[in-house]
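> missing the sequence, but the structure's below:
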């Protein structure tokens with residue numbers, strides 16, 4: 001049996017007005033998801049405060065991440081960054097075509113890797 005091929009650039013079958021999170025791979029130690037944004041920022045006053053570290057890649061589009069500490073980072077397609085656990089952040093803005101890959105993982109597992 002051949003592996004299943006997934007195309008990250010193929011639009012999900014249902015067009016939703018809200019951001020779509022699609023699980024691509026999950027193990028007990030990590031979760032890889034595709035995030036399809038449609039220009040939505042994180043709701044005003046809301047912050048992501050995640051228990052796991054997150055490596056994120058903006059595959060397509062543009063976005064600005066805002067951090068609770070006051071700094072903002074402008075991202076373009078191809079930019080990636082590591083967000084340690086509990087670093088409060090939000091999506092300030094993003095383009096209608098923003099497409100992300102997000103890898104959530106335990107920092108203890110990452111530090112044990114050579």
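Yep, that arrived. Everything numeric here is computed off the predicted structure, so don't read it as measured data. Numbering: from 1, shown residues only.
> OK, contacts around the most centrally placed residue in the chain?
Nearest to the geometric centre of the chain sits residue 102, at 3.7 Å (C-alpha atoms, centre = their mean). Shown in contact with residue 102 (C-beta atoms under 8 Å, 6 or more residues apart in numbering): 32-33, 35, 54-57. In short, each C-beta sits where N, CA and C put it, glycine included.
> same thing with residue 18?
So residue 18 contacts 38, 40 (C-beta under 8 Å, 6+ apart).
> okay, it and residue 47: tell me how far apart.
18 Å (C-beta to C-beta, to the nearest Å).
> re the thing from before, and the contacts of residue 102 as TSV, adding pLDDT, neighbour count and secondary structure?
Below are the contacts of residue 102 laid out as TSV (pLDDT from 0 to 100; neighbours: other C-beta atoms under 10 Å; DSSP: H, G, I helix; E, B strand; the rest coil):
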residue	pLDDT	neighbour count	secondary structure
32	97	16	strand
33	95	18	strand
35	93	18	strand
54	96	19	strand
55	97	16	strand
56	97	20	strand
57	98	15	strand
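> where does pLDDT dip in the chain?
Where the chain drops to pLDDT under 70, the residues are 11-17, 108-114.
> that one: strands as residue ranges?
20-26, 30-36, 53-60, 62-67, 72-76, 80-83, 89-94, 99-105 (DSSP state E).
> residue 62 against residue 96, yeah?
No: counting by C-beta atoms under 8 Å, residue 62 does not reach residue 96; the two are 10.0 Å apart.
> neighbour count: these two, which is higher?
Taking other C-beta atoms under 10 Å, residue 62 and residue 96 do not tie; residue 62 has more neighbours (15 against 9).
> the closest residue to that one other than its chain neighbours and residue 85, how far apart?
Computed as C-beta to C-beta, 6 or more residues apart in numbering, the closest residue to residue 62 that is not its neighbour in sequence is residue 95, at 4.7 Å. According to C-beta to C-beta, residue 95 and residue 85 sit 27 Å apart.
> what does residue 25 give?
From residue 25 to residue 85 the distance is 20 Å (C-beta to C-beta).
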